[in-house]
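[1] Any chance you can model this:
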Amino acid sequence: MMNPIISIVIPVYNGEKTIYELCQDIISLCKEQQWHHEIILIDDGSYDQSRKVMDALSSENYNIKSIFLTKNYGQQNAILCGLSFVSGDYILTMDDDGQHPVLMIETLMKRIMSGGDIVYAITDVHYDQAYRNMGSKMTDKLFNYLLKKPANKRISSFRIMKASLVQKILNHPYKYVYISASVVQHTHNIENVYYEKQQRRVGQSNYTFLKQLLLFVRIIVYYAPWPFLKPFQMRGTAYQIERKLNL
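    Next up, the predicted model:
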């Protein structure tokens, strides 16, 4: 495919010190590779100056589209919101903290264009907190057991997928979504590429033990194929939008 369109979806939560430089690095790479591109930023109830930075970015560049949610709905639902507005042939999701290296986007693009429905960028770096390492391993085992994910493939929030897969993910009727669980429900044509994780530029992770536990429970409730869980699966809108820029 000549000059494909790539949509880059980035959930933002207190990312005032990282998102400007991140967007500039992405734009430079896309120009170098001659990719038609769009960056979709979703503010998930930040309480710092992220919204002002997003306003400035969207004012400077029409290809940077900003969405502001009414409150904090969680990273997964924020990503789902961003996926609803993509127009690319390939859709990439990444974090806002600078730990996902922008140069890896080129590797992900090459791999997705050569086959596979989704390509995950994977790192072997371990978390400082033991509960996060254990949680990551338990989530992987859960995916293998409940969703029959190929055991030799791993998942992460740094990934690129085809637009056809995104359309399937968007057919999600519940108030909670876990993007990779929805992915594995629709395809096992998964690829991995490996990278060296960068240091967080500022701040620290927002994940706590309680959030990790809640995530684990929600995956079971919303994605396990057991009928007795149906009454606990809340239907409805997964997020509400306050305003949008360049959309």
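[2] And the closest residue to residue 104 other than its chain neighbours, what's its pLDDT?
    Spatial nearest neighbour of residue 104, excluding adjacent residues (C-beta to C-beta, 6 or more residues apart in numbering): residue 195 at 4.8 Å. To be clear about C-beta, it is placed using only N, CA and C from the backbone, and glycine gets the same treatment. With respect to pLDDT, residue 195 scores 91.
[3] do residue 47 as well
    96.
[4] check contacts around it.
    Residues in contact with residue 47 (C-beta atoms under 8 Å, 6 or more residues apart in numbering) are residue 14.
[5] Relative to residue 217, how far out is the residue nearest to residue 104?
    30 Å (C-beta to C-beta, to the nearest Å).
[6] out of the two, which sits in the more crowded spot?
    Remark: of residue 195 and residue 217, residue 195 carries more neighbours, 18 against 10, as counted by other C-beta atoms under 10 Å.
[7] can you give me phi and psi for the more buried one?
    phi -150, psi 170 (degrees, to the nearest 10).
[8] Next, count neighbours for residue 99.
    18.
[9] Secondary structure of it: a helix, I assume?
    No. In this structure, residue 99 is coil, not part of a helix, as judged by DSSP: H, G, I helix; E, B strand; the rest coil.
[10] That one contacts residue 195, correct?
    No. Between residue 99 and residue 195 there is no contact under C-beta atoms under 8 Å: 10.1 Å.
[11] Overlap of the contact sets of those two?
    With C-beta under 8 Å, 6+ apart as the test, residue 99 and residue 195 reach no residue in common.
[12] picking that back up, can you give me the distance of the residue nearest to residue 104 to residue 224?
    Taken as C-beta to C-beta, the span from residue 195 to residue 224 is 31 Å.
[13] In CSV, could you pull the C-alpha coordinates for stretch 110-123?
    The C-alpha trace of stretch 110-123 is given here as CSV (Å, rounded to 0.1, in the frame of the first residue of the first chain):
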residue,chain,number,x,y,z
LYS,A,110,6.4,-2.8,8.4
ARG,A,111,5.2,-5.8,10.3
ILE,A,112,1.5,-5.1,10.0
MET,A,113,1.8,-4.4,6.3
SER,A,114,3.4,-7.8,5.8
GLY,A,115,0.7,-9.8,7.5
GLY,A,116,-1.2,-10.2,10.8
ASP,A,117,-4.3,-8.5,12.0
ILE,A,118,-2.5,-6.9,15.0
VAL,A,119,1.1,-6.5,16.0
TYR,A,120,2.0,-5.9,19.7
ALA,A,121,5.3,-4.3,20.7
ILE,A,122,6.6,-6.2,23.7
THR,A,123,9.4,-5.5,26.2
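[14] Not counting its own residues, what contacts that stretch?
    Under C-beta under 8 Å, 6+ apart, the answer for stretch 110-123 is 1, 4, 90, 100, 104, 107-108, 153-156, 158-162, 164-165, 183, 186-187, 189-197.
[15] For it, list every residue counted as buried.
    111, 112, 116, 117, 118, 119, 120, 121, 122, 123 (16 or more other C-beta atoms under 10 Å).
[16] What about these, which are in helices?
    111, 112 (DSSP state H).
[17] can you give me the helices in this protein?
    So, for the chain - with DSSP H - the helices run 19-33, 50-60, 75-83, 104-113, 130-146, 163-169, 179-186, 209-223.
[18] May I see the ones you listed arranged in CSV, with distance to residue 41 and mean pLDDT as well?
    Listed next are the helices of the chain as CSV, based on distance: least, C-beta to C-beta, whole Å; pLDDT from 0 to 100:
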stretch, distance to residue 41, mean pLDDT
helix 19-33, 7, 97
helix 50-60, 5, 98
helix 75-83, 8, 96
helix 104-113, 16, 96
helix 130-146, 25, 73
helix 163-169, 17, 97
helix 179-186, 17, 94
helix 209-223, 22, 85
